[in-house]
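Peer 1: what shape does this take:
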Amino acid sequence: MDFPEPSTPASSRDEVFLRYLDYFRTRAIEKVASLPRAAAYSSRLPSGWTPAELLKHLRYMERRWIEWRFEGRSLPDPWADRKDDRWHAPEPLPELVAALESQAERTREVVSSTPLTTVGVSGPGWPAPATLERVLFHMLQEYARHVGHLDIVAELADGAVGE
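Peer 2: Below you'll find the predicted structure:
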């Protein structure tokens, strides 16, 4: 997937958000999938997180922001990407990828059917909600930052540099 260049025409702002989210999500999946299995499930960093754990975190980050916070939906465990106060992901990579892609579809549905100016629902996960546009900006920041982290991990694992 090519980077969504600013000069590429888009029919709406929500289309721009979806293009960037799809791009960063795809890059995260590709980065983790390109690693040898041992590198995807081990850490070379002092903080100890693994690329597989980061992929699972992205799925739950997106779920928390769109479903739990913005839509105000009740979720059995919005923090299911964490165990003992750290990320964890024992699932096989294809399962993690499928879960993230399924979450992406849910996000696309919400963004395609909701004006960006809509304010989210106040609830236990979010006492001071913001607009969908602000939520999407935050999610883009999360994705871009974590894809950068994966660039570094991939370079340490196999020498692959950047995009």
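Peer 1: any idea which helix is longest in the chain?
Peer 2: Counting residues, the longest helix found in the chain (DSSP state H) is helix 132-158.
Peer 1: so for that one, what's the average pLDDT?
Peer 2: Across helix 132-158, pLDDT averages out at 94.
Peer 1: any regions of the protein where pLDDT drops low?
Peer 2: Scanning the chain for pLDDT under 70 picks out 159-163.
Peer 1: which residues of this protein fall in strands?
Peer 2: Here the chain has its strands, by DSSP state E, at 82-83, 86-87.
Peer 1: mind listing residues that contact the first one?
Peer 2: Which is strand 82-83. Identification of contacts with strand 82-83 by CB atoms under 8 Å, 6 or more residues apart in numbering yields His88. Just so you know, the C-beta spots here come from the backbone N, C-alpha and C atoms, and that holds for glycine as well.
Peer 1: give me the sheet partners of it and which way each runs.
Peer 2: strand 86-87 (antiparallel) (DSSP bridges).
Peer 1: now what about the partner strand, what contacts it?
Peer 2: With contact meaning CB under 8 Å, 6+ apart, strand 86-87 is reached by Gly48, Trp49, Thr50, Glu53, Leu54, Lys56, His57, Asp81.
Peer 1: ok, which stretches of the chain are helices?
Peer 2: Per DSSP H, the chain carries helices over the ranges 13-34, 37-40, 51-63, 93-113, 132-158.
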